[in-house]
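*Asks:* The amino acid sequence is not available; the structure is as follows:
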């Protein structure tokens, strides 16, 4: 059974609301492009900016949760999600859309490392399982956002979906504010998380996390455009995100349990090896329903891998550095996500979906292999004895 504490359910609901605010745009990108007339490169600019700003936030701000400010970060993240949603609703140009995405992306990076550090601090037992539950709820919110966007944009226009997403984040803040949450062990030294990369097991966890996250930048920037080009409606595109997220949300706790039982590295690498060919296959399908069905299978596999990667990072983090370690892994994901999102629009146009998704699948496999290779420190040669004089 997953260990629970006071405030656990409000934390889960607030996490879901952050996901909604961050993802509602992804079923609206083609509509925004058609209305405001920006190029395919603009799709990558909007998606990539959220990742880039989030990267900075997770590196610079996540360690504050290790110094006694975890709940403040949660509430600040929810506040930024509300503000960014309102900015989206009032945007009328590519520049404003990019700015809005920056604000919402920062909300994600402020909130998530603190929420994971609190989740780890609840108990030393069943860490991967609790992280799996949190990840499942996070993704449930993330896939609900595009579903909301897809269903509301037709009858109500482009502004209302963003306002509804902001209302979810506001409700999450009001629900979480009065709750008492456990504080992670504290580290009083002011420092960024880069020194943690010297730990082999943590390095392996970061690389595994990147492997599983790598396709997201491609999906966020181009999946809406790809499905639209194949004739999918807004409702079907919104449903595609939901169908990916339902298996993940239902199976993530079980995935965490399997990682606790059989080893986080083994579970995570197995998931990445399965995700790699699935990602490649997306580009060779020309029926939207087939792509959506395949995404449900990927969601189930990711439910095994994502909690395992987070648990590997958590187990390797020194005492008092839980949030910094999770922030480092998240920032690494976002760096790769930003890079792939910025490139995705251009790749989609230059080499088509077949080539673009082949690049994505190859990247997943590469980082999974690096995670295994970096699991242990290379053996050092024995010291050469000094000659006796």
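*Replies:* Done, it's in. On a predicted model such as this, the values are computed, not experimentally measured, just so you know.

*Asks:* Okay, now the unreliable bits of this protein?
*Replies:* In the predicted model of the chain, residues 1-5, 187-191, 375-389 satisfy pLDDT under 70.

*Asks:* which ones are touching the residue nearest the centre of it?
*Replies:* Residue closest to the average C-alpha location in the chain (C-alpha atoms, centre = their mean): residue 213, at 6.7 Å. Taking C-beta atoms under 8 Å, 6 or more residues apart in numbering as the contact definition, residue 213 lies against 333, 336, 337. Just so you know, the C-beta spots here come from the backbone N, C-alpha and C atoms, and that holds for glycine as well.

*Asks:* Residue 111 versus the second one, what's the distance?
*Replies:* Computed as C-beta to C-beta, to the nearest Å, the residue 336 to residue 111 distance reads 20 Å.

*Asks:* Now rank the contacts of residue 213 by neighbours and give me the top one.
*Replies:* residue 337 (29 neighbours; other C-beta atoms under 10 Å).

*Asks:* Okay, and that residue sits in which element?
*Replies:* helix 322-373 (DSSP states H and E).

*Asks:* Grab the nearest non-local neighbour of residue 234.
*Replies:* Closest residue to residue 234 apart from its sequence neighbours, by C-beta to C-beta, 6 or more residues apart in numbering: residue 150 at 4.5 Å.

*Asks:* swap that for residue 40, please
*Replies:* residue 345 (4.1 Å).

*Asks:* May I have the residues that are in contact with the one you found?
*Replies:* 39, 40, 41, 42, 43, 44, 45, 221, 222.

*Asks:* Just list the residues touching the fifth one, thanks.
*Replies:* The neighbours of residue 43, taking C-beta under 8 Å, 6+ apart as the test, are 29, 33, 221, 222, 225, 344, 345.

*Asks:* same check, this time on the third one
*Replies:* With contacts defined as C-beta under 8 Å, 6+ apart, residue 41 is in contact with 345, 346.

*Asks:* mind starting the numbering at 4 from now?
*Replies:* Done: numbering now begins at 4, and the last item shifts to residue 44.

*Asks:* and it, helix, strand or coil?
*Replies:* helix (DSSP: H, G, I helix; E, B strand; the rest coil).

*Asks:* Mind putting the contacts of residue 46 into JSON lines with distance to residue 249 and secondary structure?
*Replies:* Listed next are the contacts of residue 46 as JSON lines, based on distance: C-beta to C-beta, whole Å; DSSP: H, G, I helix; E, B strand; the rest coil:
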{"residue": "32", "distance to residue 249": "22", "secondary structure": "helix"}
{"residue": "36", "distance to residue 249": "28", "secondary structure": "helix"}
{"residue": "224", "distance to residue 249": "23", "secondary structure": "helix"}
{"residue": "225", "distance to residue 249": "22", "secondary structure": "helix"}
{"residue": "228", "distance to residue 249": "23", "secondary structure": "helix"}
{"residue": "347", "distance to residue 249": "25", "secondary structure": "helix"}
{"residue": "348", "distance to residue 249": "28", "secondary structure": "helix"}
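
*Asks:* Run the chain-centre distance for the helix or strand harbouring residue 248.
*Replies:* Secondary structure assigned from DSSP H and E places residue 248 in helix 237-265. Relative to the centre of its chain, helix 237-265 is centred 13 Å away, using C-alpha atoms, centre = their mean, to the nearest Å.

*Asks:* What helices and strands are in contact with whatever helix or strand comes next after it?
*Replies:* The element immediately downstream of helix 237-265 (helix or strand, assigned by DSSP H and E) is helix 267-285. Here helix 267-285 touches helix 203-216, helix 218-232, helix 237-265, helix 291-319, helix 325-376, going by 3 or more C-beta pairs under 8 Å, 6 or more residues apart in numbering; DSSP states H and E.
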